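[1] sequence and computational prediction follow.
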Amino acid sequence: MTQLLQQINKQNFHSFEKWLSGVTFTFFIALIGYVLAKVPGFDHVGQLACAILIAVMYRQFFGYPDSWRAGITFSTRRLLRAAIILYGLKLNIDIIFRDGLGLLVRDSLVIVFAIVVMMWLAKLFQADKHISLLLGIGTGICGAAAIAAVAPILNTKEEDTAISVGIIAMIGTVFAVGYTIIRPLVPADAIDYGIWSGISLHELAHVAIAAEPAGEEALAIALLAKLGRVFLLIPVCFILIYVMQRKRKEKQTQHKVEFPWFLLGFILMSLVGSYLLGDVIPVSANLMEGIASATTWILTAAMVGLGLNVNLKALRTKALKPLLAVMITSSCLTIIAYFII
């Protein structure tokens with residue numbers, strides 16, 4: 001009996017060791033992505049985009065031991081949900097309700113425009129509809145974070161999610177750098193330029209890159225406009241849950257749409273960050289910066305896990321048309337957003 005227990009414990013230890021190796025590997029590539037993002041030329045690309053690119057290329061040339069799969073899957077699924085929950089701390093609902101209600105209307109129009117145009121172009125180009133929908137949501141709301149949040153609801157393949165994240169990170173970076181280049185030529189004051197950046201660019205980081213050179217006021221209003229789009233991720237998720245449930249009933253399929261419980265965590269963290277931290281619960285700026293950094297690292301490790309599941313052949317065959325569609329959608333959104341600021 002003692003020998004049997006020892007054997008079971010030994011097997012459990014080896015299983016844990018393999019699992020830990022997989023998780024550690026995703027953070028190791030995230031670290032390489034972090035270092036690469038410090039190199040001039042890659043500093044505008046960002047840690048997340050660099051890491052997922054490295055992960056995709058590593059998988060194509062080297063692969064990884066099958067024993068690491070459990071740990072990599074843990075990063076892809078569990079850590080991804082944890083990152084989305086922590087991401088909620090970045091959303092100050094109080095500020096949006098107090099100062100950003102007017103921006104919410106424009107944010108809503110932007111989201112509807114991005115999704116509708118993206119899906120129309122996907123149909124026109126006969127592009128992959130799953131990747132196109134993820135890209136439309138990412139373009140309209142908040143880039144990789146939005147894609148990561150809706151992917152479980154839509155039951156998309158991990159490979160499609162990784163492809164979408166890679167594309168949105170690349171396109172968002174290109175447009176953010178483009179905004180900084182054309183800023184002196186844009187006939188708009190700092191506030192209007194900030195609003196334009198906030199309602200049209202893909203991720204919070206992209207908005208910060210574009211708006212920061214225009215000054216503190218431009219950056220503040222840009223982030224407020226962007227946070228309104230992040231806030232609208234909540235109703236969009238619930239709408240998608242309803243639509244997916246209706247489709248399941250119409251097709252009479254057995255597959256159930258699992259409720260994304262992590263979304264409740266996202267909402268809870270938003271409420272905590274908005275109404276408790278700082279006023280009721282004193283927290284230092286260093287602690288909040290630490291949490292923000294941890295969120296970025298966890299999200300990056302999760303995206304690495306997704307990248308390690310990407311088949312480059314599938315990327316070539318599935319991603320080119322959605323890439324073209326999202327470039328056109330983002331360009332149109334940039335123009336439309338300028339005229340509604």
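    Now that the structure is in, tell me what you want to look at. Worth saying up front: this structure is predicted, and the values here are computed from it rather than measured.

[2] next, count neighbours for Tyr193.
    Neighbours of Tyr193 under the rule other Cβ atoms under 10 Å: 24. (Glycine included, C-beta is placed from N, CA and C.)

[3] same question for the one 5 residues further on.
    A count of nearby residues for Gly198, using other Cβ under 10 Å, gives 32.

[4] what sits closest to it if chain neighbours are left out?
    Ala225 (2.8 Å; Cβ to Cβ, 6 or more residues apart in numbering).

[5] my read is that the one you found contacts Tyr193, right?
    No. With contacts counted by Cβ atoms under 8 Å, Ala225 stays clear of Tyr193, the gap being 11.2 Å.

[6] about what we covered before: which element is the residue nearest to Gly198 on?
    helix 216-231 (DSSP states H and E).

[7] restricting to C-alpha, output the very next helix or strand once past that helix in PDB.
    Next helix or strand after helix 216-231 toward the C-terminus (DSSP H and E): helix 233-251. C-alpha atoms of helix 233-251 as PDB (Å, rounded to 0.1, in the frame of the first residue of the first chain):
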ATOM      1  CA  LEU A 233     -17.500  45.300 -23.900                       C
ATOM      2  CA  ILE A 234     -19.800  44.200 -21.100                       C
ATOM      3  CA  PRO A 235     -23.100  44.700 -23.000                       C
ATOM      4  CA  VAL A 236     -21.600  43.400 -26.200                       C
ATOM      5  CA  CYS A 237     -20.600  40.100 -24.400                       C
ATOM      6  CA  PHE A 238     -24.200  39.700 -23.100                       C
ATOM      7  CA  ILE A 239     -25.600  40.400 -26.600                       C
ATOM      8  CA  LEU A 240     -23.300  37.700 -28.000                       C
ATOM      9  CA  ILE A 241     -24.400  35.200 -25.400                       C
ATOM     10  CA  TYR A 242     -28.100  35.800 -26.300                       C
ATOM     11  CA  VAL A 243     -27.300  35.500 -30.000                       C
ATOM     12  CA  MET A 244     -25.400  32.300 -29.600                       C
ATOM     13  CA  GLN A 245     -28.100  30.800 -27.400                       C
ATOM     14  CA  ARG A 246     -30.700  31.600 -30.100                       C
ATOM     15  CA  LYS A 247     -28.600  30.000 -32.800                       C
ATOM     16  CA  ARG A 248     -28.200  26.900 -30.700                       C
ATOM     17  CA  LYS A 249     -32.000  26.600 -30.300                       C
ATOM     18  CA  GLU A 250     -32.600  27.200 -34.000                       C
ATOM     19  CA  LYS A 251     -30.100  24.600 -35.100                       C
END
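
[8] doesn't Thr329 fall inside a helix?
    Yes. Secondary structure of Thr329 (DSSP: H, G, I helix; E, B strand; the rest coil): part of a helix.

[9] burial of the residue nearest to Val272 when sequence neighbours are not counted, as a residue count?
    In this structure, Val272 finds its nearest non-sequential neighbour in Leu89, 7.1 Å apart by Cβ to Cβ, 6+ apart. By other Cβ under 10 Å, the residues close to Leu89 number 18.

[10] got phi/psi on Leu89?
    phi -60, psi -20 (degrees, to the nearest 10).

[11] hang on, the earlier thing: residues of the helix holding Ala225 that come out buried?
    By 16 or more other Cβ atoms under 10 Å, the buried positions in helix 216-231 come out as 218-231.

[12] the helix or strand containing Leu53: which residues count as buried?
    Assigning secondary structure by DSSP H and E places Leu53 in helix 47-61. The neighbour-count check on helix 47-61 (16+ other Cβ under 10 Å) flags 47-56, 58-59 as buried.

[13] from these, which is closest to Lys318?
    Val56 (13.3 Å; Cβ to Cβ).

[14] residues contacting the residue nearest to Val272?
    269-270, 272-273, 277, 288, 291-292, 295 (Cβ atoms under 8 Å, 6 or more residues apart in numbering).

[15] tell me how far the closest residue to Ala188 other than its chain neighbours lies from Ile137.
    Nearest residue to Ala188 in three dimensions, chain neighbours excluded: Trp196, at 6.6 Å (Cβ to Cβ, 6+ apart). Here the criterion is Cβ to Cβ, to the nearest Å. By it, Trp196 lies 21 Å from Ile137.

[16] work out which residue lies at the spatial centre of the chain.
    Centroid-nearest residue in the chain, with Cα atoms, centre = their mean: Ala144, separated by 1.7 Å.

[17] for that one, helix, strand, or coil?
    Applying three-state DSSP: Ala144 is helix.
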